[in-house]
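Colleague: need coordinates for the following:
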Amino acid sequence: MSTIRLARAAIHNAVIERGRDLTDPEIEDIIGREIKRRREAIDAYAQGGRDDLARKESLELAILSEYLPPPLSEAEVRALVDEAVAYTGAKGPKDMGRVMGVLMPKVKSRADGALVSRLVREALGASS
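Modeller: Take a look at the predicted model:
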């Protein structure tokens, strides 16, 4: 219950801040930020030897993940990367920003940014 309450509070605060109802993608962004916070907390607690708190955050992460569309597989992200590279006409590493600009709105809360970045670098022939 506390996890849902925190997510609802974050959504409610965004509604107040924007002065209007949120769209589904905006709500997904908020839940995605909450998930990112949980992942960061899990890492911090694990490094600090607080497995009990890391476990709690993991459970919250699992609950929040249920409210987002299923994550994209690496193969699906790779296909979207190839599509974005073709669309932008990117030729090399200097075009990474353009490709990411086209790609990120499509994969927003459905793929890890580090994975997307790595796959774009690979597609553009840049070293990691």
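Colleague: does the spatially most central residue of the chain sit in a helix, a strand or a coil?
Modeller: Centroid check for the chain by C-alpha atoms, centre = their mean gives residue 109 as the closest residue, at 3.9 Å. With DSSP: H, G, I helix; E, B strand; the rest coil as the basis, residue 109 sits in helix.
Colleague: that one: what's its closest spatial neighbour, skipping adjacent residues?
Modeller: residue 32 (3.7 Å; C-beta to C-beta, 6 or more residues apart in numbering). (C-beta placed from N, C-alpha, C; glycine too.)
Colleague: give me the helices and strands touching the longest helix anywhere in the chain, please.
Modeller: In the chain, assigned by DSSP state H, the helix with the most residues is helix 24-47. Contacts defined by 3 or more C-beta pairs under 8 Å, 6 or more residues apart in numbering; DSSP states H and E place helix 24-47 against helix 2-18, helix 51-65.
Colleague: could I get these as JSON lines with distance to residue 82, mean pLDDT and mean neighbour count?
Modeller: As requested, the helices and strands packed on helix 24-47 are exported to JSON lines (distance: least, C-beta to C-beta, whole Å; pLDDT from 0 to 100; neighbours: other C-beta atoms under 10 Å):
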{"stretch": "helix 2-18", "distance to residue 82": "34", "mean pLDDT": "95", "mean neighbour count": "13"}
{"stretch": "helix 51-65", "distance to residue 82": "27", "mean pLDDT": "94", "mean neighbour count": "16"}
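Colleague: let's have those helices in CSV, adding distance to residue 98.
Modeller: CSV is the format used below for the helices and strands packed on helix 24-47 (distance: least, C-beta to C-beta, whole Å):
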stretch, distance to residue 98
helix 2-18, 29
helix 51-65, 31
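Colleague: among the ones you listed, which is nearest residue 79?
Modeller: With C-beta to C-beta as the criterion, residue 79 lies closest to helix 51-65 of the helices and strands packed on helix 24-47, at 22.6 Å.
Colleague: for the helix or strand following that closest one, which positions count as buried?
Modeller: Next in sequence after helix 51-65, counting helices and strands by DSSP states H and E, comes helix 74-88. Within helix 74-88, the residues that count as buried by 16 or more other C-beta atoms under 10 Å are 77, 78, 80, 81, 84, 85, 88.
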